[in-house]
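Visitor: I would like to see how this sequence folds:
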Amino acid sequence: HKKSPLTVHDEVVDGVHIRLLKRQDPKCRNLNPKPLFRNVGFQRISECVKVNISGLIHDPHSIQDGVFFILFQHLPASSDRNGQPGTGSNEPSGDGPTPNQIWYTTSDGNAVEVKYKDAFGKANFVSNIYKDGKGVITFDGPVQYIGDYAFAVCRNLKTITIPSNASYIGSYAFTDCKSLVECNMANIQKIGSHAFDGCSAMPSITFPESLTEVGDATFFSCSGLKSINIPGSLQVISNEMFKNCSFITEITINEGVEEIGKDAFNGCQTTEIKLPSTITTIKSGAFYKTGLTKITIPENVTAIEDETFSQCKDLKVVNIGSKVTSIGEKAFYGCRSLASITIPESVQSIGARAFHSCSVLTSFEGPYASQDKRCIVINNDLFAFAPANITEYTIPEGVTAIAPYVFCENLGMDSETEGLTALTIPDGVVSI
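Guide: Numbering: from 1, shown residues only. A predicted model of the protein is given here:
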């Protein structure tokens, strides 16, 4: 500014580079010195901020002896005074980030865009440096959490390391990060819904033992996932947590997990999974259309809910725990490899179409099986029928009621089997 020349004074206060600009003419209040420092990494601090420089209090709104001070903060602190990358504390060093840092790498060698700079707690964004294949995002205080949408749709984000003091990853925080292959989450306790939705390049995920809560559909459509290990600290596997993760072939659920949510593993192609004894609840559709070949229901489970194992076309062996009291609608619908199944005495009801389209099912075992093993009869109600390799059938004596849909799709209606051509109903049946 020709009429109001500037003089520059630099100080380092608490590790932060402060630049004071002296304006000689207090009348020139519209002076904007920003263009002078556009390319050297300075950012203007709020004019209401007071800072102690060399023991003096400089208020940007006060005029002392005809001198007006404007306050700037050097960003990043690790750059030299010409704005070139330096070797300060904002670069990665040691085994992990400091409480004030987030480390990352990218697939294209460029820094990620931090769109929501206020999504990390009370700490203020300071800098985002990418150098020698490594990125560091620095704040002026500890990172408390990774907030909602913090890195959503950062398509070049490849790996990220969250500092150990952060306790929460927000909803949609990394959704649609198509290049993300690794997230080191240290001491995270909670992950919000859809946090990693659509992260299709991630081959595996390591959960910390500190994890206690996960929102719905957290890893929805993470099609690159191949293996997962769920810690016992996470009591509830959330609804749709791994839905449409079609290439998961290895699932480990540790003792301590109590509930598997609705559609939690829907579409996963794992062939075998051992459920811990602590499981008490398996919600509807939990293993819908998975690649399971065998499954054992833990003893503490009391219900097999609707469509839990529906469309598991390779399922051959099912062991039902002795405390199960109900089998829901379409629970085993379309299990085309299931030839036989034992229904324990604890079961009191079986939902409609529970065993429909089980085209090789020839027999039931257990106390409720009919003499010919073709039917399940509970308290004189016929709940299920094994349809394979039979064209004519007579309902057993003693049956008084036939539950809904028991023979539907078995009377020549299933395109993959010949189906029944004749059915004899005894006089004792009073309800169909």
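Visitor: what about the strands in the stretch 301-432 of the chain?
Guide: All strands of the stretch 301-432 of the chain, identified by DSSP state E, counting those that start in this stretch, fall at 303-304, 317-319, 326-327, 340-342, 349-350, 363-365, 375-378, 381-385, 392-394, 401-402, 422-424.
Visitor: Please render those as TSV that adds mean neighbour count and mean pLDDT to the earlier fields.
Guide: Where C-beta positions appear, they are placed from N, C-alpha and C, glycine not excepted. Formatted as TSV, those follow (neighbours: other CB atoms under 10 Å; pLDDT from 0 to 100):
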stretch	mean neighbour count	mean pLDDT
strand 303-304	24	98
strand 317-319	16	97
strand 326-327	22	98
strand 340-342	19	97
strand 349-350	20	96
strand 363-365	17	97
strand 375-378	22	96
strand 381-385	24	96
strand 392-394	14	93
strand 401-402	18	96
strand 422-424	10	92
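Visitor: So for Val181, which of those sits nearest?
Guide: Evaluated with CB to CB, the strands of the stretch 301-432 of the chain place strand 317-319 nearest to Val181, the distance being 35.3 Å.
Visitor: Tell me the strands beside the closest one, with direction?
Guide: Partners of strand 317-319 in the sheet, by DSSP bridges, are strand 294-296 (parallel).
Visitor: what are the ranges of the strands in the stretch 101-250 of the chain?
Guide: For the stretch 101-250 of the chain, the strands defined by DSSP E, counting those that start in this stretch cover 101-106, 125-131, 134-139, 157-161, 168-169, 182-184, 190-191, 204-206, 213-214, 227-230, 236-237, 250-253.
Visitor: chain center to the fifth one: distance?
Guide: Centroid displacement of strand 168-169 relative to its chain, using CA atoms, centre = their mean, to the nearest Å, is 11 Å.
Visitor: Now do that strand: which elements does it pack against?
Guide: Packing partners of strand 168-169 (3 or more CB pairs under 8 Å, 6 or more residues apart in numbering; DSSP states H and E): strand 190-191.
Visitor: can you do 6 Å?
Guide: On a contact count with 3 or more CB pairs under 6 Å, 6 or more residues apart in numbering; DSSP states H and E, strand 168-169 meets no helix or strand.
Visitor: got JSON lines for the strands of the stretch 301-432 of the chain, with distance to Ser107 too?
Guide: Below are these laid out as JSON lines (distance: least, CB to CB, whole Å):
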{"stretch": "strand 303-304", "distance to Ser107": "43"}
{"stretch": "strand 317-319", "distance to Ser107": "43"}
{"stretch": "strand 326-327", "distance to Ser107": "47"}
{"stretch": "strand 340-342", "distance to Ser107": "48"}
{"stretch": "strand 349-350", "distance to Ser107": "51"}
{"stretch": "strand 363-365", "distance to Ser107": "54"}
{"stretch": "strand 375-378", "distance to Ser107": "55"}
{"stretch": "strand 381-385", "distance to Ser107": "52"}
{"stretch": "strand 392-394", "distance to Ser107": "61"}
{"stretch": "strand 401-402", "distance to Ser107": "60"}
{"stretch": "strand 422-424", "distance to Ser107": "62"}
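Visitor: And the pLDDT for the spatially most central residue of the chain?
Guide: Nearest residue to the geometric centre of the chain (CA atoms, centre = their mean): Thr218, 2.0 Å. What the model reports for Thr218 is a pLDDT of 98.
Visitor: Ile169 touches Gly147, doesn't it?
Guide: No: using CB atoms under 6 Å, Ile169 makes no contact with Gly147, being 8.7 Å away.
Visitor: These two - which one has more neighbours?
Guide: Between Ile169 and Gly147, counted using other CB atoms under 10 Å, Ile169 has the larger neighbour count: 28 against 20.
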